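[1] need a structure here:
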Amino acid sequence: MNNDICRMTGAEFPLFAFSHCRDVVAAVSRAGGFGVLGGSGFTPESLEEELAWIDAHVDGKPYGIDILIPENQPVAVDSSLEALAAKIPDRHIDFTVELLASHGVPIERHQVVSKRRPPTMPDVGEALMNVAFRHPIRLIANALGIAPPSMIERGKRHGVPVAALVGAREHALRQLAAGVDIIVAQGGEAGGHCGEVSTLVLVPEVVRAVNSVRHVPVLAAGGIMTGEQMAGVMAMGAQGAWTGSVWLATAEAETSLAFRDKMVTATSRDTIRSKARTGKYSRQLRSKWHDAWEGPGSPGSLPMPLMPMLTIEPFAAIERAAEAGNSGARELVSYFVGQGVGLVESVQGAGGVVQDFKEGFAAALGLMLETVGDG
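    This next block holds a predicted model:
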C-alpha cells in the first residue's frame with residue numbers, strides 16, 4: 001500500500017499492532033504489518049534486551065515503540081519511591097489483601113505495594129527513550145496527553161515520526177500544536193486508557209479537524225478487530241488502523257492462558273471502563289476485582305501513579321494462582337482489552353491474524369467497489 005503513513009514508517013500494510021510482547025511485534029512486522037512494542041512495563045535494561053531481540057528477529061522489517069508519559073499526574077513527579085509508597089493509605093492495602101484472600105490468593109501486606117518506580121513517571125520515560133533511540137525504530141508513540149518536548153525533539157533529530165493517541169478533537173489539535181507527526185484517534189471501545197467518544201464518531205471528527213490545520217496522517221483505533229473494520233475506518237479518512245486487543249488472543253501474546261480462555265468466551269459487554277487498575281479510566285475485562293473496587297465497600301481508586309503501585313503485584317499474584325489452577329483467582333483475572341473482545345472466537349498465530357486482516361480488507365474493498373459499480 002502506498003499512502004503517507006506507509007511512506008513515513010516503511011509499513012507494507014498499515015496495520016499497526018500494539019503489544020507488550022516482542023514475539024507479537026516481530027511476527028506482525030514480518031507478516032507485512034507494523035509491530036509496536038508497549039515499552040512502559042520494562043526497565044531500561046530489560047527494554048534494551050527486548051529491542052535487541054526484535055532487531056535480530058524482525059528480518060529487517062520496520063517496527064516502533066510506545067512509551068507512556070502522562071501529561072498530568074496528581075502526585076508530584078519528583079517524589080521518591082518511598083514517599084510515593086507512603087501516600088498509599090493502609091485501608092487500600094488492607095482492602096486488597098482481603099479481596100485476594102476471599103478468592104484464595106494469599107498475599108502479605110508488605111508484598112502488595114510495588115518496590116519499583118512507577119513506569120508512568122517522566123524520569124522513567126526519559127530513560128526508556130534513551131534506550132529506544134539507540135535502535136532502528138521507525139515510530140515512537142506517547143499516550144495520556146501531549147507528547148513531551150524531548151520526545152518530539154529526539155524524533156526529529158533521529159528522523160523517527162512521533163505519534164500521539166487522542167480521544168477527542170481538541171486533544172488532536174493540541175498535539176498538532178506540539179508538533180507530532182501522526183495522530184491516533186482512539187475511540188472509547190478501545191482497551192486500556194481511552195476516552196468516551198466512539199470510534200465511528202471520533203475518526204471523521206479528528207480527520208476533519210487535522211486537515212483544517214495541516215496534513216498529518218490519522219490512524220484509527222478502538223474496537224478494530226477485522227480487516228473489514230479497517231477498510232471502514234480508512235473509508236472515513238484514516239490512513240490505517242492502530243490495534244491492540246486482537247493481539248492478546250494470539251499464541252505469541254504475553255497474556256496468560258486463563259485470560260485468553262476468558263477472552264474467547266467474553267462478549268462485547270463484558271468490559272468495563274474503570275479507574276480500579278491505574279487510577280485513570282481504562283477499559284478492561286470485567287472481573288470480581290472490578291465488582292469489589294466499584295462496589296459500596298470499596299475505599300475508592302487512588303490517583304496515578306499510586307494505583308498502579310498498588311495493583312501490579314496483586315495482579316501478578318492473581319495470574320500465578322490462576323495458572324496453578326485456582327478457580328477463585330480465575331474470577332479476578334483481568335487485563336486491558338476493548339469491546340472488540342466479543343469478536344474473538346479462537347486463539348491463533350499473530351502472522352495469521354495479519355493475513356486475515358489483509359483478506360478481510362480486500363473483501364470489504366471489493367464489496368464496496370462492486371456496490372458502487374452496481375449503482
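
[2] mind listing what's buried in the biggest helix by length in the chain?
    With residue count as the measure and DSSP state H as the assignment, the chain has helix 350-374 as its longest helix. Using 16 or more other C-beta atoms under 10 Å as the test for burial, helix 350-374 gives Ala350, Gly351, Val353, Val354, Gln355, Phe357, Lys358, Gly360, Phe361, Ala364, Leu365. (C-beta placed from N, C-alpha, C; glycine too.)

[3] could I get those as a markdown table with distance to Trp293?
    Below are those laid out as a markdown table (distance: C-beta to C-beta, whole Å):
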| residue | distance to Trp293 |
| --- | --- |
| Ala350 | 32 |
| Gly351 | 37 |
| Val353 | 32 |
| Val354 | 36 |
| Gln355 | 39 |
| Phe357 | 35 |
| Lys358 | 40 |
| Gly360 | 37 |
| Phe361 | 39 |
| Ala364 | 40 |
| Leu365 | 44 |
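
[4] what are the phi and psi values for the closest residue in space to Pro136 that isn't next to it in sequence?
    Nearest residue to Pro136 in three dimensions, chain neighbours excluded: Asp55, at 6.7 Å (C-beta to C-beta, 6 or more residues apart in numbering). Per-residue torsions, Asp55: phi -50, psi -40 (degrees, to the nearest 10).

[5] Can you give me the pLDDT of Asp55?
    Here, the pLDDT recorded for Asp55 equals 98.

[6] what angle separates the strand or helix carrying Leu37 from helix 350-374?
    Using DSSP states H and E, Leu37 sits in strand 34-38. Strand 34-38 and helix 350-374 are oriented at 130 degrees to each other (axes from the mean of the first three to the mean of the last three C-alpha atoms, to 10 degrees).

[7] any chance you could map the strands in this protein?
    In the chain, the strands defined using DSSP state E lie at 15-19, 34-38, 63-68, 140-143, 162-166, 182-186, 192-193, 218-221, 241-243, 271-274, 282-285.

[8] Tell me the buried residues in stretch 261-269?
    Asp261, Lys262, Met263, Ala266.

[9] closest to Glu108 among these?
    Nearest to Glu108 out of the buried residues of stretch 261-269 is Lys262 (C-beta to C-beta; 27.0 Å).

[10] ok, the closest one touching Lys288?
    No: assessed by C-beta atoms under 8 Å, Lys262 is found out of contact with Lys288, at 11.9 Å.

[11] Walk me through the domains of this structure.
    Segmentation of the chain into domains, based on automatic domain parsing, reads 1-73+120-248, 74-117+255-344.

[12] any idea which of those domains is most buried?
    Scoring the domains of the chain by mean neighbour count under mean count of other C-beta atoms under 10 Å gives domain 1-73+120-248 as the most buried, with a mean of 21.

[13] From one end of that one to the other, what's the distance?
    Its start and end residues considered, domain 1-73+120-248 measures 26 Å (C-alpha to C-alpha, to the nearest Å).

[14] just stretch 296-305 next, same as before
    This stretch, stretch 296-305, spans 23 Å end to end (C-alpha to C-alpha).

[15] what pLDDT, on average, does it get?
    Taken as a whole, stretch 296-305 has a mean pLDDT of 93.

[16] Any chance you could list what contacts it?
    The contact list for stretch 296-305 (C-beta atoms under 8 Å, 6 or more residues apart in numbering) reads 70, 73-75, 84, 88-89, 91-92, 95, 118, 120-121, 274-276, 278-280, 292-293, 307, 310.

[17] And the residue lying closest to Glu189 once chain neighbours are set aside, its phi and psi?
    With C-beta to C-beta, 6+ apart as the criterion, Glu189 has its nearest non-adjacent residue at 3.2 Å, and that residue is Gly223. Dihedral pair for Gly223: phi 80, psi 10, per degrees, to the nearest 10.

[18] Next, the contact list for Gly223, please.
    Shown in contact with Gly223 (C-beta under 8 Å, 6+ apart): Gly187, Glu189, Ala190, Thr199, Gln229, Ser245, Gly338, Gln339, Gly340.

[19] try it again with 10 Å
    Shown in contact with Gly223 (C-beta atoms under 10 Å, 6 or more residues apart in numbering): 186-191, 194, 198-200, 229, 233, 243, 245-246, 268, 283, 338-343.

[20] Okay, and which of those map to helices?
    Using DSSP H, the contacts of Gly223 in helices are Thr199, Leu200, Gln229, Val233, Ser245, Val246.

[21] For the closest residue to the last one other than its chain neighbours, report the pLDDT, please.
    I take that to be Val246. In this structure, Val246 finds its nearest non-sequential neighbour in Met225, 4.7 Å apart by C-beta to C-beta, 6+ apart. Looking at Met225, its pLDDT is 97.

[22] Quick one, grab the pLDDT at His193.
    pLDDT recorded at His193 is 88.

[23] Was I right to think it contacts Ala221?
    No: using C-beta atoms under 10 Å as the test, His193 is too far from Ala221 to be in contact (11.4 Å).
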